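Peer 1: Dropping the sequence and predicted coords here.
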Amino acid sequence: MIFVTDMQKIFTAASFVLSLAFGASALTPTIDMDSRYLSWPTYSGSDLELVVDESGTHFTLWSPEAKAAQVILYDTDRNTPPVKVLDMTKGSGGVWRVSVPEQLYGKFYTFCVTDASGNRLAETPGVWAKAVGTNGHRAAIIDFTKTNPDGWDNDKGPAIENITDAVIYEMHHRDFSVHPTSGIAHKGKFLALTEPMTKSPEGAKTGLDHLKELGVTHVHILPSYDYNSVDESNLPANQYNWGYDPYNYNAPEGSYSTDPSNPSRRVEEMKKMVKSLHDAGIGVVMDVVYNHTANNDDSNFSLTAPGYYYRHRADGSYSDASGCGNETASERRQMRDFIVNSVKYWAEEYHIDGFRFDLMAIHDIETMNEVAAELKKINPNIFVYGEGWTAGDSPLPAENRALKENVAKMDGIAVFSDDIRDAVKGHYSNAKERGFATGKPGNEETVKIGIVASTAHPQVDYTKGNNSKFPYASAPTQIINYVSCHDDLTLTDKLAASMPEADEAQRKRAARLAQTIVFTSQGTPFMFAGEEIFRDKKGVHNSYKSPDSINAIDWTLKTSNSDQFDYYRNLIALRKAHPAFRMTSADEIAENIVFDKVDQPNIVSYSIKNNANGDVWKEIKLIFNGSEKAYLAKIAKGNWTVIARDGKISPDGLGEFKGGTIEVEPTSALILARLK
Ligand code: CA
């Protein structure tokens with residue numbers, strides 16, 4: 001995620017004008033030193049902000065420097081005056097408390113803090129609102145025990161032993177279901193993923209049945225917590241946003257529910273979505289964005305404990321490693337606890353199976369290790385991965401950042417491999433640049449780095465790596481392989497931009513070769529929704545607020561590109577059937593993967609030997625030809641089964657081969673396998 005929303009631009013501009021108007025000397029400089037925040041008492045209780053029990057309704061707000069704090073109660077979610085104001089009393093641990101003897105189900109509330117200088121700040125739903133009304137401005141008091149779908153107590157995601165057994169499908173709720181051809185009733189909603197037997201006009205499966213047919217193990221849903229940009233009071237306007245502008249971290253986004261004004265509805269519908277995916281054997285990964293907030297001084301963090309949750313520059317301004325106007329401070333105890341407790345909450349209350357951390361390197365290593373360790377206690381199948389980079393510089397020292405290069409210091413965390421991504425398809429930021437799969441020589445060694453999941457291998461020369469110069473992963477479980485995601489051009493658009501003279505059939509071959517490299521590499525494969533039917537975004541690389549006409553997946557493509565879909569489906573089936581592609585240690589990879597010497601550019605040839613990871617196949621031979629010239633390979637004599645050749649693939653075999661010379665056609669993968 002690297003973009004700045006218009007709203008954030010406005011805020012940035014407003015702060016700038018403000019500082020000019022008051023002059024630097026009029027501003028109180030914020031001293032961003034640990035000593036300042038270390039002296040703040042922290043509070044780790046699980047009762048923060050709201051608890052309803054038999055003795056009544058209890059409010060608990062962490063705000064150590066506040067002069068006063070109030071709870072303001074409302075009857076409705078917006079546009080109505082308060083019905084009651086409750087003064088809170090300061091207790092230990094920097095928290096303020098007030099209780100009433102009634103169970104206030106159905107009411108709404110905000111907090112109002114008077115800061116250390118005596119200023120009464122704007123109202124806020126707090127940082128722990130678990131249910132909210134329209135646009136999330138007022139928190140809601142609901143009975144969570146009544147939000148569970150039938151069978152929820154026994155609901156479970158798929159059991160996977162290692163993250164490398166996962167096949168991850170990244171999707172946005174609107175992209176996936178909003179197109180008229182989806183055949184889905186609840187377009188753009190959580191409920192879209194609960195509808196069985198939906199079909200395109202041509203009769204191809206869509207929605208949930210499409211995911212089952214494709215064979216992915218997990219869907220990764222783009223931000224689904226309550227974000228800021230889409231106006232939930234005007235849903236007919238069909239606004240679109242990716243959602244990387246967090247507002248309430250612990251409540252679902254209202255525009256994905258059928259009624260944002262009903263706080264229970266969004267909770268119920270998101271849980272139904274999870275249940276329905278789980279019933280289909282598919283896990284749910286949530287994209288989480290704790291690294292920054294949509295607003296600065298008006299964020300819920302700033303309105304409850306001004307200053308504390310963010311990093312600052314020496315002049316007191318917000319530091320901005322997110323490129324979105326601010327960055328949070330995970331190294332501070334209360335912020336770290338917030339992140340850890342928030343993901344725990346989603347895992348426990350919503351049965352979420354995995355988390356993808358946006359700009360993870362803004363967080364410190366210790367926080368990420370705590371996240372992974374705490375989640376494993378809830379469910380050993382939960383996995384965590386993230387972007388091992390920042391979008392700008394940070395006051396957090398590089399050695400403490402959860403960077404890709406530091407992944408070996410993180411237990412149970414994986415990072416996206418930009419190495420394989422850029423080597424296979426060409427650099428992400430240069431649309432016209434080609435990569436290995438599109439005929440550009442010089443990327444062979446980086447493709448090999450991708451194949452071995454950035455682990456140490458005696459035949460891989462890291463000094464020739466494009467993006468990384470050393471084997472930064474200590475195990476393949478630390479690597480997510482991909483060639484496209486919501487960011488940047490889709491693979492379809494990238495191929496169109498970088499091979500303009502090629503026809504569509506040729507570009508589809510290149511996409512198959514690119515994904516064959518990804519799905520047979522060690523590590524965990526990840527794909528962008530719709531790529532399996534060759535979806536595009538009309539060349540728009542940053543579609544974060546583009547209309548549905550750019551972002552929606554047109555499901556008629558499933559029929560017109562049925563050959564592409566079949567290839568992807570078989571490729572996924574191949575990976576799932578063969579543990580050799582899913583090794584779990586660097587030693588196994590070094591022992592079992594043997595690269596061949598080749599005398600032609602744009603060729604990578606290797607074997608996975610020794611019935612790797614318990615595979616029935618003694619040896620798998622993979623040859624990737626990214627060039628426009630056929631490659632003549634010499635294969636040892638044996639009883640080989642042809643698994644992939646000339647743009648076709650079948651896990652059950654396309655034919656037999658007894659060894660000798662074989663032609664690997666341009667822009668294609670050859671895969672052979674033998675049992676002995
Ligand atoms: Ca929202």
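Peer 2: Looks like it arrived, so ask away. Residues are numbered from 1 along each chain as shown.

Peer 1: residues touching the closest residue to residue 466 other than its chain neighbours, list them.
Peer 2: Leaving aside its chain neighbours, residue 466 sits nearest to residue 446 (4.5 Å; criterion: CB to CB, 6 or more residues apart in numbering). Where C-beta positions appear, they are placed from N, C-alpha and C, glycine not excepted. Taking CB atoms under 8 Å, 6 or more residues apart in numbering, we find residue 446 in contact with 419, 420, 422, 423, 436, 464, 465, 466, 467.

Peer 1: Model confidence for the last one, exactly?
Peer 2: Reading off the per-residue confidence, residue 467 sits at a pLDDT of 94.

Peer 1: Likewise for the second one?
Peer 2: The confidence metric pLDDT takes the value 98 at residue 420.

Peer 1: could you say which helix or strand contains it?
Peer 2: Secondary structure assignment for residue 420, by DSSP states H and E: helix 418-425.

Peer 1: Likewise for the last one?
Peer 2: When secondary structure is defined by DSSP H and E, residue 467 falls outside every helix and strand.

Peer 1: quick revisit: how about the contacts of residue 446 in a markdown table, adding distance to residue 213 and neighbour count?
Peer 2: As requested, these are exported to a markdown table (distance: CB to CB, whole Å; neighbours: other CB atoms under 10 Å):
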| residue | distance to residue 213 | neighbour count |
| --- | --- | --- |
| 419 | 31 | 25 |
| 420 | 26 | 31 |
| 422 | 31 | 22 |
| 423 | 30 | 29 |
| 436 | 29 | 30 |
| 464 | 40 | 14 |
| 465 | 37 | 21 |
| 466 | 35 | 17 |
| 467 | 35 | 16 |
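
Peer 1: Could I get the contacting residues of the closest residue to the ion within the stretch 101-250 of the chain?
Peer 2: Here the stretch 101-250 of the chain gets closest to the ion at one residue, residue 226, 4.4 Å apart by CB to the ion. For residue 226, the contact set (CB under 8 Å, 6+ apart) comprises 132, 136, 246, 247, 248, 249, 251, 252, 253, 254.

Peer 1: just those residues that are near the ion?
Peer 2: Among the contacts of residue 226, the residues lying close to the ion (CB under 5 Å from the ion) are 253, 254.

Peer 1: Mind checking which of the contacts of residue 226 are in strands?
Peer 2: If you go by DSSP state E, the contacts of residue 226 have 246, 247, 248, 249, 251, 252 in strands.

Peer 1: pLDDT value on the nearest residue to residue 665 once chain neighbours are set aside, please?
Peer 2: Excluding its sequence neighbours, the residue lying closest to residue 665 (CB to CB, 6+ apart) is residue 646, at 4.5 Å. Note on residue 646: pLDDT of 98.

Peer 1: Alongside the ion, which residues does the stretch 201-350 of the chain contribute?
Peer 2: Contact residues (CB under 5 Å from the ion) of the stretch 201-350 of the chain with the ion: 226, 253, 254.

Peer 1: residue ranges with poor pLDDT in this protein?
Peer 2: Across the chain, residues meeting the criterion (pLDDT under 70) sit at 1-35.

Peer 1: could you redo the last one with a cut-off of 90?
Peer 2: By pLDDT under 90, the low-scoring segments of the chain are 1-39, 313-316.

Peer 1: need the residues of it near the ion, please.
Peer 2: So the chain meets the ion at 226, 253, 254 (CB under 5 Å from the ion).

Peer 1: now with 6 Å?
Peer 2: Residues of the chain lying near the ion by CB under 6 Å from the ion: 135, 136, 226, 227, 230, 232, 247, 253, 254.

Peer 1: Double-check the residue nearest to residue 665 against residue 662; I have them as touching.
Peer 2: No: counting by CB atoms under 8 Å, residue 646 does not reach residue 662; the two are 10.8 Å apart.

Peer 1: which stretches of the stretch 251-400 of the chain form helices?
Peer 2: Ranges of helices within the stretch 251-400 of the chain are 263-279, 300-304, 333-350, 365-378, based on DSSP state H, counting those that start in this stretch.

Peer 1: quick one, helices of the stretch 1-150 of the chain?
Peer 2: Under DSSP H, counting those that start in this stretch, the stretch 1-150 of the chain gives helices at 6-22, 34-38.

Peer 1: Pull up the gap between residue 656 and residue 640, please.
Peer 2: 7 Å (CB to CB, to the nearest Å).

Peer 1: Could you check which of those two is surrounded by more residues?
Peer 2: residue 640 (23 against 10; other CB atoms under 10 Å).

Peer 1: Beta-bridge partners for that one, please?
Peer 2: When bridges are called by DSSP bridges, residue 640 pairs up with residue 657.

Peer 1: got a list of what it touches?
Peer 2: Contact partners of residue 640, counting by CB under 8 Å, 6+ apart, are 621, 656, 657, 658, 659, 672, 673, 674.

Peer 1: For the ion, what's its nearest residue on the stretch 401-550 of the chain.
Peer 2: Using CB to the ion, the closest approach of the stretch 401-550 of the chain to the ion is made by residue 545 at 13.8 Å.

Peer 1: so is that residue in a helix, a strand, or just coil?
Peer 2: The assignment at residue 545 comes out as coil when based on DSSP: H, G, I helix; E, B strand; the rest coil.

Peer 1: pretty sure it is touching residue 240, no?
Peer 2: Yes: using CB under 8 Å, residue 545 is in contact with residue 240, at 6.0 Å.

Peer 1: out of the two, which sits in the busier spot?
Peer 2: Taking other CB under 10 Å, residue 545 and residue 240 do not tie; residue 240 has more neighbours (24 against 17).

Peer 1: Kindly confirm whether my reading is correct that that one touches residue 537.
Peer 2: No: the criterion here is CB under 8 Å, and residue 240 misses it with residue 537 at 11.7 Å.

Peer 1: can you list residues touching both of the two?
Peer 2: With contacts defined as CB under 8 Å, 6+ apart, the residues shared by residue 240 and residue 537 are 546, 551.

Peer 1: Tell me which residues touch residue 645, please.
Peer 2: Going by CB under 8 Å, 6+ apart, the list of residues near residue 645 reads 654, 664, 665, 668, 670, 671.

Peer 1: should've said residue 204
Peer 2: Applying CB under 8 Å, 6+ apart, one finds that residue 204 lies in contact with 210, 555, 558, 559, 562.

Peer 1: Are we agreed that the second one is in a strand?
Peer 2: No: Residue 555: not assigned to a strand; according to three-state DSSP it is coil.

Peer 1: Next, the contact list for it, please.
Peer 2: By CB under 8 Å, 6+ apart, the residues touching residue 555 are 179, 181, 182, 183, 200, 204, 206, 533.
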